[in-house]
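Undergrad: Only the shape, not the letters, is given here:
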């Protein structure tokens, strides 16, 4: 049986032929939000485990990156909004059924907590910056207070960091209309990817070889977990319903096969996995390439997930954007 | 709660597209965008063919995922009914509702930046009138009313004729029905 559907008057850009509403701006935010979450968690865990002297860069220098990268992400997220003047509306309500609403409130917690985390280590991590800051009023008592409560601040950073890292995945997995996203592994996958990206940044920030190796070992474990979650994602979709099988086809032979397997899995996970393993065995010493690829992979994960999700759909008819149909409608109206 | 439904007879629809023109005129829909559209479905292999015309729009779902996904409450149910509206002064243009609609019916991005869509012409419903598309239809194949009222035309049609809704398996409980 042949089945064919003609759309005689639809053709709305942004929706036809498939939804393409979110582009790189959102992918950048999802990546940098995850990286921020990873920084909060990893720096906090170093303090909670009492290893701040062993891993000085992760403990004292890494936290300063959190508000910087998050602000870049928030900027691109704002660029994506179509009705920008009404952005304050996120903060006049809490919609319990909307992960995006939860996320906007989580961000309100993240900024002050991140500032406290920085304040608790600023004198050790960036003494010049601390000295410059202390010329301003109130900075000295803030640094004193934060240093005194360093462990409590770290304890608060872990749950808030986890919430920030996991909510973006839950946000996408909550869209039952987009079969590729509609899987609960997306939250944990994004969280682990964020932690892995932060471990990679810690390798780049570290100055001692010993600390770099330690974070290469941590990152290796995180990449392994991420690969496991990718496998679970594939398995979950492959045993799913018609729409999920169709979504899986998009990365198994479909238009996103190359970017998913060679881009995200190959360049973003497997190559850094091999490089870090080689580095740990002492065979190579290049340090920079593997963490940079991990960061690239973290971005690719978000971009590919966004693109494939928007291409996956419940609709099974071929819709194309045909401006001629619109012109015809226009003629009829006049 | 009132459940408004639209019942469209695919046997009498001729696919003329007047519903689309009526909507564009009534709601001053910006150029280049449509709140409703007509689908022509052809099944079979020549010469054994079956064609069906469907006038499609937002399904004003009882379980509207677009309303639940909205982070600001801009997407909402109108007056304790299933009519889904967008309040422009609350809409940030984040597009979560577009991603949340399995029917891709929340597609109209108003040039000003807020999300626009079929309203079931609630401004007419309020006055006891039918939506513009329904009242314009030259073959009278479209019907509108409250499904909860057993004496309404739509309730009687749904009781006596074989009907379908689009993809009820999404779980959204759509409220536009097609008579077969």
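TA: Cool, got the structure. Computed from a prediction, not measured in an experiment: that's the story for all the values here.

Undergrad: For the rest of this, base every contact and every neighbour count on C-alpha atoms.
TA: Will do.

Undergrad: Just list the residues touching residue A:290, thanks.
TA: By C-alpha atoms under 8 Å, 6 or more residues apart in numbering or on different chains, the contact set of residue A:290 is A:200, A:271, A:272, A:273, A:275, A:276.

Undergrad: from those, which is closest to chain B?
TA: residue A:200 (30.8 Å; C-alpha to the nearest C-alpha).

Undergrad: Just to check, residue A:305 is in contact with residue A:181?
TA: Yes - contact criterion C-alpha atoms under 8 Å: residue A:305 and residue A:181 qualify, at 7.5 Å.

Undergrad: Mind picking out the helix or strand in chain B with the poorest mean pLDDT?
TA: Ranked by mean pLDDT, DSSP states H and E, the weakest helix or strand in chain B is strand B:108-109, scoring a mean of 74.

Undergrad: Going by contacts, tell me the helices and strands next to that one.
TA: strand B:115-116 (3 or more C-alpha pairs under 8 Å, 6 or more residues apart in numbering or on different chains; DSSP states H and E).

Undergrad: hmm, the strand it packs on in reach of chain A?
TA: No - using C-alpha under 8 Å from any C-alpha of the partner chain, strand B:115-116 never reaches chain A; the gap is at least 8.8 Å.

Undergrad: Report the distance from that strand to the chain centre.
TA: Distance of strand B:115-116 from its chain centroid, counting by C-alpha atoms, centre = their mean, to the nearest Å, is 14 Å.

Undergrad: Then stretch B:167-177?
TA: Counting by C-alpha atoms, centre = their mean, stretch B:167-177 is centred 11 Å from the centre of its parent chain.

Undergrad: how about stretch A:155-171: buried residues?
TA: A:155, A:157-158, A:160-171 (16 or more other C-alpha atoms under 10 Å in any protein chain shown).

Undergrad: now swap in stretch B:9-28 and tell me
TA: B:9-10, B:12-15, B:17-24.

Undergrad: Let's test this: mean pLDDT of it, rounded?
TA: The average pLDDT within stretch B:9-28 is 92.

Undergrad: Start and end of it, how far apart?
TA: Length of stretch B:9-28, first residue to last, C-alpha to C-alpha, to the nearest Å: 26 Å.

Undergrad: Give me the residues contacting that stretch.
TA: Residues from elsewhere that reach stretch B:9-28, judged by C-alpha under 8 Å, 6+ apart: A:8-9, A:329, A:332-333, B:29-30, B:34-40, B:52-55, B:132-134, B:136-142, B:178-180.

Undergrad: Looking from chain B, tell me which residue of the stretch 151-300 of chain A is nearest.
TA: For the stretch 151-300 of chain A, C-alpha to the nearest C-alpha, closest residue to chain B: residue A:177, 4.2 Å.

Undergrad: From what I see, that residue and residue B:105 are in contact.
TA: No - contact criterion C-alpha under 8 Å: residue A:177 and residue B:105 do not qualify, at 11.5 Å.

Undergrad: Looking at the two, which has the bigger crowd around it?
TA: The neighbour comparison of residue A:177 against residue B:105 (other C-alpha atoms under 10 Å in any protein chain shown) goes to residue A:177, with 28 against 24.

Undergrad: Please spell out which residues along stretch B:67-83 are buried.
TA: Buried residues in stretch B:67-83, counted by 16+ other C-alpha under 10 Å: B:67-77, B:82-83.

Undergrad: nope, stretch A:194-213 is what I meant
TA: A:194-206, A:211-213.

Undergrad: Kindly report the same for stretch A:38-50.
TA: In terms of neighbour count (16+ other C-alpha under 10 Å), stretch A:38-50 has its buried residues at A:38, A:39, A:40, A:41, A:42, A:43, A:44, A:45, A:46, A:47, A:48.

Undergrad: Equivalent analysis for stretch A:133-145, please.
TA: Result for stretch A:133-145 [16+ other C-alpha under 10 Å]: buried residues A:134, A:139, A:140, A:143.

Undergrad: would you list every one of the strands in chain B?
TA: B:4-9, B:37-45, B:48-56, B:75-77, B:84-86, B:108-109, B:115-116, B:142-146, B:163-165, B:176-179 (DSSP state E).

Undergrad: out of those strands, deepest packed?
TA: The highest average neighbour count among the strands of chain B, using mean count of other C-alpha atoms under 10 Å in any protein chain shown, belongs to strand B:115-116 at a mean of 25.

Undergrad: So what are the sheet partners of it and their directions?
TA: For strand B:115-116, the pairing partners within the sheet under DSSP bridges are strand B:108-109 (antiparallel).

Undergrad: Tell me the one of the buried residues of stretch B:67-83 nearest residue B:61?
TA: Minimum distance to residue B:61 across the buried residues of stretch B:67-83 is 6.5 Å, recorded for residue B:82 (C-alpha to C-alpha).

Undergrad: The closest one reaches residue B:59, doesn't it?
TA: No - Residue B:82 is beyond contact range of residue B:59, at 9.5 Å (criterion: C-alpha under 8 Å).

Undergrad: for the nearest residue to residue A:188 once chain neighbours are set aside, what are its contacts?
TA: Distances taken as C-alpha to C-alpha, 6 or more residues apart in numbering or on different chains place residue A:166 nearest to residue A:188, at 6.1 Å, with adjacent residues excluded. Contacts for residue A:166 (C-alpha under 8 Å, 6+ apart) come out as A:34, A:187, A:188, A:190, A:191.

Undergrad: Just the element for residue A:104, please.
TA: Per DSSP states H and E: residue A:104 is located in helix A:99-119.

Undergrad: in that helix, what's buried?
TA: Within helix A:99-119, the residues that count as buried by 16+ other C-alpha under 10 Å are A:99-103, A:105-107, A:110, A:113-119.

Undergrad: near chain B, which of the residues you listed show up?
TA: Counting by C-alpha under 8 Å from any C-alpha, A:99, A:100, A:101 from the buried residues of helix A:99-119 sit close to chain B.

Undergrad: Which single one of the residues you listed is nearest to chain B?
TA: residue A:101 (4.3 Å).

Undergrad: for that closest one, what are its contacts?
TA: By C-alpha under 8 Å, 6+ apart, the residues touching residue A:101 are A:90, A:94, A:95, B:70, B:71, B:72.

Undergrad: any idea how far residue A:273 is from the closest residue to residue B:57 other than its chain neighbours?
TA: Distance criterion C-alpha to C-alpha, 6+ apart; nearest residue to residue B:57, sequence neighbours excluded, is residue B:36 at 4.5 Å. In this structure, residue B:36 and residue A:273 are 51 Å apart, going by C-alpha to C-alpha.

Undergrad: For chain B, just list every one of the helices.
TA: Along chain B, the segments classed as helices by DSSP state H run B:18-26, B:65-69, B:96-100, B:122-125, B:132-136, B:153-160.

Undergrad: out of these, which comes closest to residue A:74?
TA: The minimum distance between residue A:74 and these falls on helix B:96-100, with 16.5 Å, by C-alpha to C-alpha.

Undergrad: picking up where we left off before, let's have the helices of chain B in TSV, adding distance to residue A:314.
TA: Formatted as TSV, the helices of chain B follow (distance: least, C-alpha to C-alpha, whole Å):
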stretch	distance to residue A:314
helix B:18-26	23
helix B:65-69	14
helix B:96-100	11
helix B:122-125	28
helix B:132-136	26
helix B:153-160	25
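
Undergrad: ok so, going back, now, among the buried residues of stretch B:67-83, which is nearest to residue A:250?
TA: Top of the list for closeness to residue A:250, among the buried residues of stretch B:67-83 and by C-alpha to C-alpha, is residue B:69 at 25.0 Å.

Undergrad: The closest one reaches residue B:100, doesn't it?
TA: Yes - when contacts are counted by C-alpha under 8 Å, residue B:69 is listed as touching residue B:100 (6.7 Å).

Undergrad: Overlap in contacts, those two.
TA: Common neighbours of residue B:69 and residue B:100, counting by C-alpha under 8 Å, 6+ apart, are residue A:175.
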